[in-house]
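K.L.:
build the 3D model from these lines:
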Amino acid sequence: MQGTIFGFTEAQITEFGMTFGVGGLMLLMVFIVGHLAWESKAGKFGTFALFLGLTFGMVGYAAKYIIKLKLGI
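P.N.:
All right, here's what the predicted structure looks like:
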């Protein structure tokens, strides 16, 4: 079992971290933005603007993962 950690290869650990680890951090960020909107009493349009501006980068990451699954890469 040389070169493995608990029976997993480095590639498997990296894949797990990049999907579930980063996905969990993205979900945490959504909750943080929601709390920020609630604390600032932003209203409907303000909340939409906060979510659009602060979470727009996550859309690209999620799209990349979905495209990767569809193409089978």
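
K.L.:
what about Gly34, neighbour count?
P.N.:
Counted by other Cβ atoms under 10 Å, the residues lying close to Gly34 total 14. C-beta coordinates here come from the backbone N, C-alpha and C atoms, glycine included.

K.L.:
just how off-centre is the helix or strand hosting Gln12 within its chain?
P.N.:
Assigned by DSSP states H and E, Gln12 belongs to helix 10-16. Centroid separation between helix 10-16 and its chain, computed with Cα atoms, centre = their mean, to the nearest Å, is 16 Å.

K.L.:
again, but for stretch 58-73
P.N.:
The answer for stretch 58-73 is 12 Å, by Cα atoms, centre = their mean.

K.L.:
after the helix holding Gln12, heading C-terminal, what element do we hit next?
P.N.:
helix 22-39.

K.L.:
kindly list the longest helix within the protein.
P.N.:
With secondary structure taken from DSSP state H, the chain has its longest helix at helix 43-71.

K.L.:
pLDDT of it, averaged?
P.N.:
Helix 43-71 shows a mean pLDDT of 88.

K.L.:
output the contacting helices and strands for the helix holding Gln12.
P.N.:
Judged by 3 or more Cβ pairs under 8 Å, 6 or more residues apart in numbering; DSSP states H and E, helix 10-16 is in contact with no other helix or strand.

K.L.:
just use 559 as the starting number from now, easier for me
P.N.:
Renumbered: residue one is now 559, and that last one reads helix 568-574.

K.L.:
can I get that helix in PDB, CA atoms only?
P.N.:
Taking Å, rounded to 0.1, in the frame of the first residue of the first chain, the C-alpha atoms of helix 568-574 are listed here in PDB:
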ATOM      1  CA  GLU A 568      -3.700  11.100  -4.100                       C
ATOM      2  CA  ALA A 569      -6.000  11.500  -7.200                       C
ATOM      3  CA  GLN A 570      -9.000  10.100  -5.300                       C
ATOM      4  CA  ILE A 571      -8.400  12.400  -2.300                       C
ATOM      5  CA  THR A 572      -8.000  15.400  -4.600                       C
ATOM      6  CA  GLU A 573     -11.200  14.600  -6.500                       C
ATOM      7  CA  PHE A 574     -13.200  14.200  -3.300                       C
END
